[in-house]
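[1] Next one to model:
(one chain, ligands or ions: 1)
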Amino acid sequence: MRRLEIIAYGDIARSVHFAEVPEPTLADDEVLIRVEAASINPIDTKFINGHLRRIMAPTLPAAIGFDACGHIEKVGAAVRGLGPGERVYLRAPRQKMGSFAEYLAVAARFVAPAPRNLSAAEAASIPLVALTTVQGLVDRAQAEPGQRILIHAGSGGLGSFAVQYAKHVLGLVVTTTASSRNSDWVARLGADTVIEYDREDYRRRDARYDIVFDTLGGETTRDAFALLRRGGCVVSVAGPPDWQFARQIEAGPLKSALLWAIALPMEWRARRNGARYYRFLTESDGARLTEIAEVLDAGKVKPVIDSVFGFDQSIAALEHQAGGHAKGKVIIEMTTAG
Ligand SMILES: NC(=O)c1ccc[n+]([C@@H]2O[C@H](COP(=O)([O-])OP(=O)(O)OC[C@H]3O[C@@H](n4cnc5c(N)ncnc54)[C@H](OP(=O)(O)O)[C@@H]3O)[C@@H](O)[C@H]2O)c1
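    Next up, the predicted model:
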């Protein structure tokens with residue numbers, strides 16, 4: 001079978017290539033999936049560039065890609081509740097990437113039946129951004145209906161899902177940032193207020209939020225605390241670590257001490273503002289994807305697809321996503337010639 005592999009850390013064109021490899025062997029708890037579509041996330045290009053080497057360091061060459069939709073071909077001896085022929089979607093775990101491939105073997109606990117009403121490309125666009133949204137806004141922020149949230153980059157792959165989920169599932173009052181060329185369609189996703197970042201400094205609005213969902217990092221993380229109501233929280237997927245981060249990546253004592261020290265300024269800023277700060281990595285979770293499929297089947301959230309590339313065009317697809325201006329998700333379809 002064919003799969004995309006990273007052979008070295010660096011720029012996409014030089015680091016990624018196609019490889020012909022044997023079909024994966026199946027552990028007892030795994031299912032073998034014939035991949036029909038995969039979606040790209042910024043973590044894929046950050047991993048290729050070597051920015052995540054301290055967190056994810058598989059032996060190279062290594063398979064890449066997290067999100068996929070496809071049909072189950074075989075199931076391991078211990079798998080219950082999933083069978084051959086079933087259409088599923090998944091987010092592969094950090095320890096075993098590989099969705100940019102014709103076949104993928106993954107533990108059944110990370111897999112769920114795909115939303116019935118979506119195409120393979122649409123279903124593949126969902127897992128990572130949906131799990132990130134739920135693990136951030138529900139598990140950590142514990143969002144309550146009626147609360148006010150600021151979501152940065154509402155037009156991105158993550159933001160376009162988070163805006164819809166926050167508005168139509170959690171019942172939040174949503175403000176988002178987007179460029180003026182994207183502001184109208186982001187408002188149609190469900191944002192109550194769109195601040196055009198190329199025309200206005202979002203920090204100058206006289207608005208206070210219960211939650212800031214920080215997808216940009218840098219000064220956006222630092223500035224978020226001044227925008228909070230007392231008792232509010234910043235949930236970040238791009239900022240510096242929090243105090244839980246070392247445990248999440250199972251860091252040893254030395255790395256934990258270092259991460260703790262790096263986390264200190266942001267944790268201190270949170271405490272000074274009577275706020276909470278969370279920085280987390282998304283975890284794979286098939287049970288959660290089953291719940292998310294119901295939300296999609298009910299039409300409460302719709303996939304937002306920027307573009308679809310054939311498998312042969314995967315490297316161009318990765319470069320397009322890495323450009324940082326996708327409107328929603330970039331998809332690779334294995335079933336088209338390219
Ligand atoms: N748990 C995790 O650790 C986790 C999980 C998911 C995502 N992430 C991180 O979250 C970030 C966002 O992910 P994504 O999938 O949404 O990325 P993305 O799809 O590449 O985001 C691109 C979007 O960001 C918008 N944008 C760029 N600069 C902006 C600014 N200053 N203000 C507002 N919008 C801006 C762009 O709009 P224009 O084209 O109009 O500029 C574009 O629509 C990435 O850094 C990713 O690695 C982390």
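
[2] Three-state assignment for the closest residue in space to Ala238 that isn't next to it in sequence, please.
    With CB to CB, 6 or more residues apart in numbering as the measure, Gly217 is the residue that lies nearest to Ala238, at 3.2 Å, once sequence neighbours are left out. C-beta: built from backbone N, CA, C; applies to glycine. For Gly217, the secondary-structure state derived from DSSP: H, G, I helix; E, B strand; the rest coil is coil.

[3] Also Val212?
    The three-state label given to Val212 by three-state DSSP is strand.

[4] check contacts around it.
    Applying CB atoms under 8 Å, 6 or more residues apart in numbering, one finds that Val212 lies in contact with 149-150, 152, 224, 227-228, 232-235.

[5] Let's see that with 7 Å instead.
    Listed by CB atoms under 7 Å, 6 or more residues apart in numbering, the contact partners of Val212 are 150, 224, 227-228, 234.

[6] Pipe the residues you listed into a markdown table and attach pLDDT per row.
    Supplementary listing: these in a markdown table, determined by pLDDT from 0 to 100:
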| residue | pLDDT |
| --- | --- |
| Leu150 | 98 |
| Ala224 | 97 |
| Leu227 | 97 |
| Leu228 | 97 |
| Val234 | 98 |
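
[7] now the helices for the chain?
    With DSSP state H applied, the chain shows helices at 12-15, 42-49, 120-124, 127-133, 157-164, 183-189, 219-224, 245-248, 253-272, 286-297, 314-322, listed in chain order.

[8] Format the CA atom coordinates belonging to the longest one as CSV.
    Taking C-alpha atoms only, helix 253-272 is exported to CSV below (Å, rounded to 0.1, in the frame of the first residue of the first chain):
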residue,chain,number,x,y,z
PRO,A,253,11.3,14.8,36.2
LEU,A,254,13.8,17.1,34.5
LYS,A,255,11.4,18.0,31.6
SER,A,256,8.5,18.4,34.1
ALA,A,257,10.6,20.9,36.1
LEU,A,258,11.4,22.9,33.0
LEU,A,259,7.8,22.9,31.8
TRP,A,260,6.6,24.0,35.3
ALA,A,261,9.0,26.9,35.1
ILE,A,262,7.9,27.9,31.6
ALA,A,263,4.3,27.7,32.8
LEU,A,264,4.9,29.9,35.8
PRO,A,265,4.3,33.4,34.2
MET,A,266,1.0,32.4,32.6
GLU,A,267,-0.3,30.6,35.8
TRP,A,268,0.7,33.7,37.8
ARG,A,269,-1.0,36.0,35.4
ALA,A,270,-4.2,33.8,35.7
ARG,A,271,-4.1,33.9,39.5
ARG,A,272,-3.6,37.7,39.6
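
[9] Nice, that's everything, thank you.
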